[in-house]
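Colleague: Any chance you could fold what I've pasted below:
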Amino acid sequence: MSVPLLSVIGPVEPALLEAFVAHYRKLGVKKFLLAFHFPEDVPANDRLLDTAKELGVESKRVSFGPSHEEVNPKLYARLREEAGKGWHMIADSDEFHVYPEPVSKLIAQAEEEGTPVVEGLLFDRFAQGDFPSLFVAQKLDSDYPLGGFLTHYVLGGEPTKVVLAQSGYELAPGNHEIKGHHGANLPLIPVHHFKWRHDVVSRMQDRVGCILSGYWHMNDDWVLNETLRALHHISSHGNRIGLVEGQELVLPKAGVVPCVPVSLDCALPPGWETASLAVAQTWWDWPSGAVASSALIPTLAQLPSLDDFGLWKKPGGTAPSALSIPPGWQPRSSHRQLRPHRR
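Modeller: Purely as a prediction, here's the structure:
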């Protein structure tokens, strides 16, 4: 059984798209429905779109502009409408599902239990603390050999993900859930999350600036807060992911949690069934709108000023406070005149 894969792609490296397509084709995906959204129109976008064409996954859905919170949900909704009735596989470009059972079996189980969703959990992939560049798609596993629940424990971010969804049910922002429904599948599907690449810090810095300036519109603060926590963690550990002897992830307030060597060829990471369920239940049982792991997460008041992250152009050398916008600030990826698109 082959279901279409739906994905909204941002300005990522061509090698990541190559690895993404190769991975899902290996899983048996035959139909890719992609949309591309770019905050600005630059030549690098054309290289990515050329790569998509070479891979046979070209898309006519290409948009430009600020990455407001509603942009991705709207693009996913259009892709799902285009995909039609049935089940859809949902994955952002840095999310690589690994299915311990056939997709057809998981869908049959969901239908038998009367649920429209199969759920997964983000499992962050990273190197030994640094952020390697991704130039060769085949080196994804070797360049990012460790896995851990960084999104949950360090960012306080919701790690649950919809990996398969039945048509007719709306995805929540970020594809974290279908409201009112849980999957019937245990173990949860590992979603290997290759976010922590060479440009992750600059991407997050720009995101904070765009949000605080109002250039990107957000309905609430969850994206901003998660991004600030990530930057704080990285800044606090010498511009690296905080690891103890490469085997344990340092938590924001106290303690460590293990990270493990892992590969996309493993059906389940070591200790996955117990560890993933413990993380997911924290979110399933938590009051709506609260941060599940708040006891582990630094508050905004504990964060250094945003100037410490190199976000600002400082007029007169004045350092802004943590949540202020200095005069004359411009996000790096905004207000650029769009050139005529060549495609």
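Colleague: residues near residue 186, how many?
Modeller: 10 (other CB atoms under 10 Å). In short, each C-beta sits where N, CA and C put it, glycine included.
Colleague: Show me the contact partners of the helix or strand residue 274 falls within.
Modeller: Assigned by DSSP states H and E, residue 274 belongs to helix 272-284. The contact list for helix 272-284, computed with CB atoms under 8 Å, 6 or more residues apart in numbering, reads 119, 121, 123, 149, 152, 158-160, 182, 186-188, 190, 292-293.
Colleague: Mind doing that once more with 6 Å?
Modeller: Outside of helix 272-284, the residues within contact range by CB atoms under 6 Å, 6 or more residues apart in numbering are 121, 149, 152, 158, 160, 187-188, 292.
Colleague: Also stretch 217-231?
Modeller: Under the criterion CB under 6 Å, 6+ apart, residues 68-69, 155, 157, 204, 207-208, 211, 303, 309 lie in contact with stretch 217-231.
Colleague: Please report how far residue 101 lies from residue 118.
Modeller: Counting by CB to CB, to the nearest Å, the separation of residue 101 from residue 118 is 10 Å.
Colleague: Neighbour count: these two, which is higher?
Modeller: Neighbour count, other CB under 10 Å: between residue 101 and residue 118, residue 118 has more, with 26 against 12.
Colleague: in what helix or strand does that one lie?
Modeller: With the criterion set as DSSP H and E, the secondary-structure element containing residue 118 is strand 117-126.
Colleague: Residues contacting that strand, please?
Modeller: The set of residues external to strand 117-126 that reach it, using CB under 6 Å, 6+ apart, is 106, 110, 144, 146-148, 150-151, 159-165, 178, 181, 183, 185, 188-194, 196, 241, 276, 280.
Colleague: The helix holding residue 274: which residues count as buried?
Modeller: Applying a neighbour-count criterion of 16 or more other CB atoms under 10 Å, one finds 272, 275-276, 279-280, 283 buried in helix 272-284.
Colleague: Quick check: which ranges of the stretch 1-150 of the chain have low pLDDT?
Modeller: For the stretch 1-150 of the chain, applying pLDDT under 70 flags the ranges 1.
Colleague: for the helix holding residue 274, what is the average pLDDT?
Modeller: In this model, helix 272-284 has an average pLDDT of 90.
Colleague: quick revisit: just curious, which of the contacts of helix 272-284 is nearest to residue 43?
Modeller: Within the set of the contacts of helix 272-284, residue 158 lies nearest residue 43; the separation is 34.8 Å, counting by CB to CB.
Colleague: contacting residues for that closest one?
Modeller: Residues in contact with residue 158, defined by CB under 6 Å, 6+ apart, are 176, 283.
Colleague: and it, what are its phi and psi?
Modeller: When read as degrees, to the nearest 10, the backbone of residue 158 gives phi -70, psi 120.
Colleague: ok, now residue 224?
Modeller: According to degrees, to the nearest 10, the main-chain angles of residue 224 amount to phi -60, psi -50.
Colleague: how about the contacts of helix 272-284 in CSV, adding distance to residue 217 and secondary structure?
Modeller: Compiled in CSV, the contacts of helix 272-284 are given as follows (distance: CB to CB, whole Å; DSSP: H, G, I helix; E, B strand; the rest coil):
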residue, distance to residue 217, secondary structure
121, 29, strand
149, 30, coil
152, 26, helix
158, 20, coil
160, 25, strand
187, 37, coil
188, 32, coil
292, 25, coil
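Colleague: Could I get the residues you listed in CSV, plus columns for distance to residue 29?
Modeller: Putting the contacts of helix 272-284 into CSV (distance: CB to CB, whole Å) gives the following:
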residue, distance to residue 29
121, 20
149, 26
152, 27
158, 25
160, 22
187, 21
188, 20
292, 31
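Colleague: least confident pick among the residues you listed?
Modeller: Here the lowest pLDDT out of these sits on residue 292, with 43.
Colleague: Can you get me the start-to-end distance on stretch 241-260?
Modeller: One end of stretch 241-260 sits 14 Å from the other (CA to CA, to the nearest Å).
Colleague: Quick one: mean pLDDT for it?
Modeller: Predicted confidence along stretch 241-260 averages 86 (mean pLDDT).
Colleague: Show me which residues of that stretch are buried.
Modeller: When neighbours are counted by 16+ other CB under 10 Å, the buried residues of stretch 241-260 are found to be 241-243, 249-252, 257, 259-260.
Colleague: same check, this time on stretch 221-239
Modeller: 222-236.
Colleague: Cross the residues you listed against helices and list the overlap.
Modeller: Judged by DSSP state H, the subset of the buried residues of stretch 221-239 located in helices is 222-236.
Colleague: so which of those residues would you say is closest to residue 16?
Modeller: Top of the list for closeness to residue 16, among these and by CB to CB, is residue 230 at 18.7 Å.
Colleague: in the stretch 51-200 of the chain, which spans are helices?
Modeller: Remark: helices assigned in the stretch 51-200 of the chain by DSSP state H, counting those that start in this stretch are 71-83, 103-113, 140-143, 150-153, 200-212.
Colleague: Can you tell me which of those is most buried?
Modeller: Sort those by mean neighbour count, taking mean count of other CB atoms under 10 Å, and helix 150-153 sits at the top with a mean of 24.
Colleague: For residue 7, state which of the ones in helices among the buried residues of stretch 221-239 is nearest.
Modeller: residue 223 (19.0 Å).
Colleague: Can you tell me what sits against stretch 91-98?
Modeller: Under the criterion CB under 6 Å, 6+ apart, residues 7, 9, 12, 20, 23, 163, 189-195 lie in contact with stretch 91-98.
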